[in-house]
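Asks: let's see this in three dimensions:
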Amino acid sequence: MDDVFIRTLLVDDQELVRSGLRRILRRKDGFDVVAECGDGDEVLDAVAAHRPDVVVMDLRMKRVSGMEATRLLRSTPNPPPVLALTTFRDDALLSEALRAGTAGFVLKDSSAEELIRAVRLVAAGDAVLDPAVTARVLDTYRCADAPQGAPDTTNARLTRLTARETTVLTHLGRGLSNDEIAGELVISVVTVKSHISAIFAKLGVRDRAAAIVFAFDNGLVTPRTS
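Replies: Numbers count the residues shown, from 1 in each chain. Here you go, the predicted structure:
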């Protein structure tokens, strides 16, 4: 990531929305909007040309959805993280977006401060799941991903974690960033990242969003309802 600015790609099929995002993600606040796309089919070329640190992407677009664009992007080498823009009506799309590999989502009616924080967190390698819709999205995610046969009620994968790793996972589920977890546990950010890597390996999850889902599903965190 750039030492001074977070290089940002905006993807939305509404110029008015992109204009609003540009006004929020300003250079004076540490952002550099390096490019914009009017639809999901433009994303791969824009990423290759501009190498953004983070992609802020609408899920609903006319030609190629943000979900499909994210899936395609995640199949390329070293893709930037994707922060999905959504509304309260997009639960099913959000569960699909999580499986496609988004680093999280933020509501379109969020405040400027919430959007700025979310983009910074995702660019830094964290995940953002807006608590206002997390409960409903997780329900949809679980239903779509439910395994066949009897459910595993032993939490076998959870028992693979050390006590400290379980604590780190709980903080992940609460939405804390690496810096915030380090502060809570009085350890270095490097140590936090090491714990998170071990958590991913032991749980068999590919990213932070999947680890957060696991934390909710195993009772480490209780979703807040809107």
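
Asks: do you have the strands of this structure handy? List them.
Replies: Read by DSSP state E, the chain holds these strands, from start to end of the chain: 6-11, 31-37, 54-58, 82-86, 104-107, 128-129.

Asks: any idea which of these gets closest to residue 156?
Replies: Proximity to residue 156 (CB to CB) singles out strand 128-129 among those, at 24.4 Å. C-betas here are computed from N, CA, C, even on glycine.

Asks: any idea of the mean pLDDT for that closest one?
Replies: Here strand 128-129 scores 76 as its mean pLDDT.

Asks: and what of stretch 214-226?
Replies: 70.

Asks: same question for stretch 182-195.
Replies: The model assigns stretch 182-195 a mean pLDDT of 93.

Asks: pLDDT value on the closest residue to residue 85 other than its chain neighbours, please?
Replies: Taking CB to CB, 6 or more residues apart in numbering, and ignoring the residues beside it in sequence, residue 85 has residue 58 as its nearest neighbour in space, at 4.8 Å. We have a pLDDT of 92 for residue 58.

Asks: correct me if wrong: residue 58 contacts residue 16.
Replies: No: with contact defined as CB atoms under 8 Å, residue 58 and residue 16 do not form a contacting pair (11.9 Å).

Asks: between these two, who's got more neighbours?
Replies: Neighbour count, other CB atoms under 10 Å: between residue 58 and residue 16, residue 58 has more, with 25 against 8.

Asks: give the contact list for residue 4.
Replies: residue 30 (CB atoms under 8 Å, 6 or more residues apart in numbering).

Asks: change it to 6 Å
Replies: Taking CB atoms under 6 Å, 6 or more residues apart in numbering as the criterion, residue 4 is in contact with no other residue.

Asks: can you give me the pLDDT of it?
Replies: Among the per-residue scores, residue 4 shows a pLDDT of 78.

Asks: same check, this time on the one 10 residues further on
Replies: The model reports residue 14 with a pLDDT of 92.

Asks: show me what contacts the closest residue to it other than its chain neighbours?
Replies: Distance criterion CB to CB, 6+ apart; nearest residue to residue 14, sequence neighbours excluded, is residue 58 at 7.7 Å. Contacts were defined as CB under 6 Å, 6+ apart; by that measure residue 58 touches 12, 66, 85.
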